[in-house]
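Peer 1: Okay, predicted coordinates and the sequence, questions at the end:
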Amino acid sequence: MHTLLHSGRLPALLAQEGPGFGLALLVAELFYKFGSFSLECLAFLATWYAISGVVGMIARAVAAGDRP
């Protein structure tokens, strides 16, 4: 984590992962009530991974659609 934050890519990383992180956090807060921090944390990370994957697929599709 330390290396990631100090690599100089933080602004790009926040722009790419920030929206997915925020949406996953909102979903976790509203819907995940397992009674276990570990389970809720794992579910949050899985949700973030899935949302990030969908956002990445959409970004690639949009970028591919812009090509001649």
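Peer 2: Noted; the coordinates are in hand.
Peer 1: what residue lies at the spatial centre of this structure?
Peer 2: With distances taken as CA atoms, centre = their mean, G20 lies nearest the centre of the chain, 3.5 Å away.
Peer 1: For that one, pull up the helix or strand it's in.
Peer 2: helix 10-31 (DSSP states H and E).
Peer 1: so what secondary structure elements neighbour that helix?
Peer 2: In terms of contacts (3 or more CB pairs under 8 Å, 6 or more residues apart in numbering; DSSP states H and E), helix 10-31 is packed against helix 37-66. For glycine as for every other residue, the C-beta is placed from the backbone atoms N, C-alpha and C.
Peer 1: Do I have it right that E17 meets Y49?
Peer 2: No. Judged on CB atoms under 8 Å, E17 makes no contact with Y49 at a distance of 10.5 Å.
Peer 1: When the two are compared, which one has more neighbours?
Peer 2: In this view E17 and Y49 are compared by other CB atoms under 10 Å, and E17 has more residues nearby, 16 against 12.
Peer 1: which residue sits closest to the more buried one in space, ignoring its chain neighbours?
Peer 2: Distances taken as CB to CB, 6 or more residues apart in numbering put S52 closest to E17, at 6.2 Å, once the chain neighbours are dropped.
Peer 1: Please report phi then psi for F34.
Peer 2: The phi and psi values for F34, taken as degrees, to the nearest 10, are phi -80, psi -10.
Peer 1: and the closest residue to it other than its chain neighbours, how many residues sit next to it?
Peer 2: Distances taken as CB to CB, 6+ apart place E40 nearest to F34, at 5.3 Å, with adjacent residues excluded. E40: 16 surrounding residues under other CB under 10 Å.
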